[in-house]
Structure formats: structure tokens, C-alpha cells
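K.L.:
Below are the sequence and a predicted model for it; my questions follow.
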Amino acid sequence: MRGQRFGSKIKLPSTIAIKHRLLMMMFEDEVRAIPPGGAFNESESPALAKLKRLRDSPLARRSAG
């Protein structure tokens, strides 16, 4: 007996794309949390550091190319 599939295949984003979007939302939250007149300190942003690591990972370079 063959397996039956109903409907069309659902297209899902890659793991890298999901991670990127989540990290971008985290980064946006960090920027929104800065008080008025406050300065953004790049070295203290965990989301920005993770985004940079994701960008420099071999998997991200392979999926972008």
C-alpha cells in the first residue's frame, strides 16, 4: 500500500532564515529598550554578536551562494 499525501507540499524557510529572523527581532527589541537620549553600545548586544556569528558561519555562506 502506497502512502497517500493530500494537498501540496508546504514550503518552509531554512533553519538559517528562521534563526536570522529571530535574532533580528531580538536586536529590534534591544534597540527599542534604549532609553531616550541613550546610546547603543555594539559590544554589549548579545543579539548583534549572534547575528555576526551566524553571518560568518559556513552554513550561512553555503546557503547564500
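P.N.:
Thanks, I have it. Numbering: from 1, shown residues only.
K.L.:
Distance of the residue positioned nearest the centre of the chain relative to residue 7?
P.N.:
By Cα atoms, centre = their mean, the chain has its centre lying nearest to residue 20, at 1.2 Å. Note on residue 20: its distance to residue 7, by Cβ to Cβ, to the nearest Å, is 28 Å. Bear in mind the C-beta positions are built from the backbone N, C-alpha and C, glycine included.
K.L.:
and what of residue 22?
P.N.:
In this view, residue 22 and residue 7 are 28 Å apart by Cβ to Cβ.
K.L.:
and what of residue 45?
P.N.:
42 Å.
K.L.:
higher neighbour count, the two?
P.N.:
The neighbour comparison of residue 45 against residue 7 (other Cβ atoms under 10 Å) goes to residue 45, with 16 against 5.
K.L.:
Could you say which helix or strand holds the closest residue to that one other than its chain neighbours?
P.N.:
Excluding its sequence neighbours, the residue lying closest to residue 45 (Cβ to Cβ, 6 or more residues apart in numbering) is residue 30, at 5.7 Å. Per DSSP states H and E: residue 30 is located in helix 15-32.
K.L.:
who touches that helix?
P.N.:
13, 40, 45-48, 50-51, 54, 59-60, 63 (Cβ atoms under 8 Å, 6 or more residues apart in numbering).
K.L.:
next one: stretch 38-57
P.N.:
Here stretch 38-57 has contacts from 16, 19-20, 23-24, 26-27, 29-31, 34, 60, using Cβ under 8 Å, 6+ apart.
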